[in-house]
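> Show me the folded form of this:
(chains A and B)
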Amino acid sequence: MYSLSSRLLISVSVLLLLFFGATVAVLNTAFTEAGEQARRDILDGHLIALLAAAEPDDDAELALPERLREPRFGQIGSGLYGELRNAEGTVIWRSKSALGLRIPEGLDPEIGNQLFAREALTDGTPLLTLSLAVDWEFDDGESKSYIFKVAESLDSFNAQIAGYRGKLFGWFAAVAATMLLAFSFLLRGLMKPLRKIESEIGEIEGGARVSLSDQFPAELIGVARNMNLLIDSERARSDRYRLTLDNLAHSLKTPLAAMRALLGDRNNEQFGERFDEQIDRMDEIVRYQLRKPANSVADKLVLQSVHVEKEVTRLIDGLKKVYHDKSPEFEVSVDSGMQFRGDTGDFLELAGNLLDNACKWCEKRVRISVVPSVGAQAIASGMVLSVSDDGPGIPEDAAAALLQRGMRLDEATPGHGIGLAVVKDIARSYGGQLSIQESKLGGAEITVSIPPLTSAKSD
Amino acid sequence: MRLLVIGDDATLRETLTQKLAEVGFAVEQAADGTEGLYLAQEYPIDLAIIDLGLPGMSGLDIIRQVRADGKTYPILILTARDRWEDKVDGLSAGADDYVVKPFHFEEVSARVNALLRRSGGWASSQLEAGPVLLDMTRQELKVSDQEIELTSFEYKIIEYLMVRAGQVISKAELTDRLYDQDFERDSNVIEVFIGRLRKKMDPDNSIKPIETLRGRGYRFALERKQSG
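Presented below is the predicted three-dimensional model:
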C-alpha cells in the first residue's frame, strides 16, 4: 500500500483524470455551441428564403408556391418544416414535409422580431424553431400580420454531437491509458536501483556479498556509502565481540586448569590461599574484559554527546562517599557546557579509573582538568583529560611498565593496573593516547589525549 | 548493630549473613526486592547491604525509595557490574559505598565497619575517647593502654554505645539492635552487662565511661578524641 510507485501512479492518474476531464468538458461545450450556432444560421437562411418566396394571392392573403427552392420542405418527414400563420393563429400554409405532424405553436415574437426556441413534436422529437412576425403591406395599402415559422428536427444534430463526444472520450481515454502505461514503465526503470539495493542487502544477509556495489545513481550513492559504513562497523564490532569472547574463554582456561590441579592437593595447608588466588585471577580477567571499551572509533555512527561537567560532578560526588575517611580535596577545572563525543560509559570509565587511582594514592589533593582539543575539519572536538594527585607519584621505569601492560591479558599482573590498562584501551579505541608525568602537586599526573573526530566522509 | 542483607543468591546471602553474625552483628535477610524494601523501611536497622540485581524490585529502586523515605542509615551495594557507570548510578541513588563481586568477606566486613563508625561521626576505625580506645577492626578495647577482655556481647554493647558516643540509647534500642530475634528478651540482661562493662573498664569508678539516664537509657559519656 505504501509503495512509492503505487503512490506515484495513483497521484498521476488522478492528475490525468482531472486534466483530461476538464479538457473534454471544454471541447464538448465549444463544439456543441458552435454546432448550435451553425444550425441557427441555417434556420435563419431558410426563414429568409420562405419570406422571399411569399407572394400575395388574389384574395389579398399571403401564399407560398407549391415548390420551394429548398427541396427538403417538399419531402415528407425530411426534418425541415415550414409554416405560415395569420394574426388569428390560423395556419395559412404548411410545408409538405410536415404532413401529418403538428408543429407546436410556441410563443409568438413581437412584430418585426424573430425568436429562436427549442420545442418538441408530439412524439418527443426535439426541434429548433425560428419564428418571425411581420406586418405585410399589400398593394392596396392594407397591412396584415403574419407569423413565419421554420423548424428543424435536432435528431441528426444530437446524433452528431453524441458521435463527436464518443470519439472525444475514446481518444482521450486511449491517450491517458498510453500515458499511464508509459509512466509506469518509466517508474519501473526509476525504481530499479532501489530494488537493486534491496536485493544486494539480501545477498549480504545471505552471505553472497560483502558490501553494496557503487553502481548507483547519484541520489543513492550516499545512501549506499553510509550503508557500507554501517555494515563495516557492524562487522568490525561483531568481530571484536567474537575476539573478546574468545580471549575471555581461553584466558579462563588457565586458572581453571590450575584450580583442578590444586584440588588434587587439597590437604596442603596453603590450599585455601592458592585456590583463592586463582579465583582472583579469574575475576581480574572477567573484569578486564567487561570493562573494555564499548565501541571503537570506527563506530562513529553510534557516538553520542557526553556532558563532561555533569558526569565529572557525578563521579566526584560518588568518590567523596567512597573516600569519605580520606576526604580528598578535589580541584575541578572543566568548562561548563563542554561536550565529549563518545560513549558515556567510556567517559566514566576513563575519568572514573583515573580519579579513583588519584584518590587512592593522594595525600589530600586531587586535581582534574578536561579541555577540548580542536582541529581543522573536525566534526567534534576531542579532549585532553588529566588527573593529578599529591601522592608519592610513579617512578619513570614503573610508568613505562604500566603503559606497556594490559595489551595482553596474560601479561597483566592480577591486582595491579587493571584500571590503567582499561583507560589505555579506551583511549586507543578513540585514537588517543595515555601519558604519565610528574604532577605539580607532587604526585603523578596522568593525561589522556583524544584527538578531534574528523568527518566520516574523508575516506 | 542490626544489619539487613538483601540478595537473591541464597548461598551468597546466607554465607554473608552467617559470617556477619559470627563477627557480632544481628542480621536480617531478604531474598527479593519487595520483601527487602519492606524490611528496609519497617525494621530498626543500622546498615543495609543490597545486591543490585534483584527479582521483584531492583536494588537501585530500593535505595531510592529508602532515601526518599528519609532513612539515613548507610547502604553498601554489592554488585557484579563494576563499570564506573554502574558504580556512579548506585552512589548517586543514595548508596554510600560498593563492593564488587566476587569479594572477600573481610572486605565487606571492613566496609561495613567503616560505614557504621562513619555514621556515628568517627573518622577512623580506632575510636578514642578519654583513656578508652576501641579498635573496630580488631574488636579490641583498651583503657589506658590496658587491653580489656570482653565477651562478644559485652563488646557489642560498648561498640554500639561508643559509635554513638554522646547520644542517649534506650534499653529497648540496645535490645533491638543487639539481640538476634530468637534471643531471650529481658531488659535485666542489659543492665547486668552494662554493670559488668563498668566494672571491667573502670574498676575504681574514676573515669565513668557509661552514664545512666534514668528512664531514658545509657550514654557513652567521654569526650571523643578525633584523629585527623
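
> Next up, the contacts around whichever residue of the stretch 51-200 of chain A sits closest to chain B.
In the stretch 51-200 of chain A, no residue comes nearer to chain B than A:Ile197, which is 37.4 Å away by Cβ to the nearest Cβ. C-beta here means a position set from N, CA and C on the backbone, and glycine is covered the same way. Counting by Cβ atoms under 8 Å, 6 or more residues apart in numbering or on different chains, A:Ile197 makes contact with A:Leu212, A:Phe216, A:Leu220, A:Val223, A:Ala224, A:Met227.

> So the second one, which state does it fall into?
Put plainly, it is A:Phe216. Here A:Phe216 is recorded as coil under DSSP: H, G, I helix; E, B strand; the rest coil.

> doesn't A:Arg195 make contact with it?
No. Look at A:Phe216 against A:Arg195 with Cβ atoms under 8 Å: they stay out of range, at 11.6 Å.

> mind listing the strands in the stretch 201-350 of chain A by residue range?
A:304-307, A:329-334, A:339-342 (DSSP state E, counting those that start in this stretch).

> now those strands in a markdown table, with mean pLDDT and mean neighbour count?
As requested, these are exported to a markdown table (pLDDT from 0 to 100; neighbours: other Cβ atoms under 10 Å in any protein chain shown):
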| stretch | mean pLDDT | mean neighbour count |
| --- | --- | --- |
| strand A:304-307 | 86 | 14 |
| strand A:329-334 | 94 | 15 |
| strand A:339-342 | 86 | 22 |
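
> Nearest to A:Val286, out of these?
strand A:339-342 (24.0 Å; Cβ to Cβ).

> Which strands border the closest one, and is each parallel or antiparallel?
According to DSSP bridges, strand A:339-342 forms sheet pairs with strand A:304-307 (antiparallel).

> ok, back up a step: overlap between the contacts of A:Ile197 and the residues near chain B?
Taking Cβ under 8 Å from any Cβ of the partner chain as the test, chain B is in contact with none of the contacts of A:Ile197.

> Which member of the residues you listed is positioned nearest chain B?
A:Met227 (30.6 Å).

> Return the distance of that closest one relative to A:Gly443.
50 Å (Cβ to Cβ, to the nearest Å).

> out of these two, which sits in the busier spot?
A count of neighbours by other Cβ atoms under 10 Å in any protein chain shown puts A:Gly443 above the other of A:Met227 and A:Gly443, at 22 against 17.

> Neighbour count for A:Phe216 and A:Arg195, which is higher?
A:Phe216 (18 against 10).

> Not counting residues beside it along the chain, what's closest to the residue of chain B found nearest chain A?
Chain A sits closest to B:Trp84 of chain B, with a gap of 3.0 Å, by Cβ to the nearest Cβ. The shortest distance from B:Trp84 to any non-neighbouring residue, by Cβ to Cβ, 6 or more residues apart in numbering or on different chains, is to A:Gly352 (3.0 Å).

> B:Tyr218 is in contact with B:Leu174, isn't it?
Yes. Between B:Tyr218 and B:Leu174 there is a contact at 7.5 Å, judged by Cβ under 8 Å.

> Model confidence at the residue of the stretch 51-200 of chain A closest to chain B, what's the number?
What the model reports as pLDDT for A:Ile197 is 88.

> May I have the secondary structure class of it?
The three-state assignment at A:Ile197 reads helix, by three-state DSSP.

> give me phi/psi at A:Glu66?
phi -60, psi -50 (degrees, to the nearest 10).

> Just give me the neighbour total for it.
Neighbour tally, A:Glu66, other Cβ under 10 Å: 7.

> Ok, B:Tyr98 next?
The local packing of B:Tyr98 (other Cβ under 10 Å) involves 24 other residues.

> Please name the bridge partners of it.
Beta-bridge partners for B:Tyr98, by DSSP bridges, are B:Ile77.

> Just list the residues touching it, thanks.
B:Tyr98 sits next to A:Val322, B:Leu76, B:Ile77, B:Leu78, B:Thr79, B:Lys87, B:Gly90, B:Leu91 when contact means Cβ under 8 Å, 6+ apart.

> can you tell me which residues contact A:Gly443?
So A:Gly443 contacts A:Ala358, A:Trp361, A:Cys362, A:Glu363, A:Ser388, A:Asp389, A:Asp390, A:Gly391, A:Pro392, A:Gly393 (Cβ under 8 Å, 6+ apart).

> helix, strand or coil for the spatially closest residue to B:Ile148 that is not a sequence neighbour?
In space, B:Ile148 comes closest to B:Leu141 once its chain neighbours are excluded; the distance is 4.7 Å by Cβ to Cβ, 6+ apart. Here B:Leu141 takes the strand state, with states given by three-state DSSP.

> Hmm, B:Ser152 and B:Leu141 touching each other?
No. The pair B:Leu141 and B:Ser152 does not pass the contact test of Cβ under 8 Å, sitting 12.0 Å apart.

> For these two, indicate the residue with more neighbours.
B:Leu141 (23 against 10).

> how close does the residue lying farthest from the centre of chain B get to A:Thr313?
Centroid-distance maximum for chain B: B:Asp204 at 30.6 Å, with Cα atoms, centre = their mean. Distance of B:Asp204 to A:Thr313, given as Cβ to Cβ: 55 Å.

> same question, B:Leu222
40 Å.

> Compare these two (neighbour count), which wins?
Taking other Cβ under 10 Å, B:Leu222 and A:Thr313 do not tie; B:Leu222 has more neighbours (19 against 15).

> show me what contacts the more buried one?
Going by Cβ under 8 Å, 6+ apart, the list of residues near B:Leu222 reads B:Ala129, B:Gly130, B:Val132, B:Ala165, B:Ile207, B:Pro209.

> repeat that with 6 Å
Neighbouring residues of B:Leu222 by Cβ atoms under 6 Å, 6 or more residues apart in numbering or on different chains: B:Ala129, B:Gly130, B:Val132, B:Pro209.

> Close to chain A: what parts of chain B are there?
Neighbours of chain A within chain B, by Cβ under 6 Å from any Cβ of the partner chain: B:Asp82, B:Arg83, B:Trp84, B:Glu85, B:Val88, B:Leu91, B:Ser92, B:Asp96, B:Asp97, B:Pro102, B:Arg118, B:Ala123.

> Could you rerun that using 10 Å?
B:74, B:80-92, B:94-98, B:100-104, B:111, B:114-115, B:117-118, B:122-125, B:228 (Cβ under 10 Å from any Cβ of the partner chain).

> Just these: which are in helices?
B:84-92, B:111, B:114-115, B:117-118 (DSSP state H).

> and the residues you listed, which two are the farthest apart?
Pairwise distances across these peak at 29.6 Å for B:Glu85 and B:Arg117 (criterion: Cβ to Cβ).

> quick one, domains of chain A?
Split into domains by automatic domain parsing, chain A comes to A:4-159, A:210-290, A:295-458.

> What pLDDT does the model give residue 191?
Went with chain A since none was named. 85.

> Wait, chain B was what I had in mind.
Reported pLDDT for B:Glu191: 87.

> measure it to A:Tyr241 for me?
Distance, B:Glu191 to A:Tyr241, by Cβ to Cβ: 65 Å.

> and those two? which has more neighbours close in?
Shown here are B:Glu191 and A:Tyr241; by other Cβ under 10 Å, B:Glu191 has more neighbours (13 against 10).
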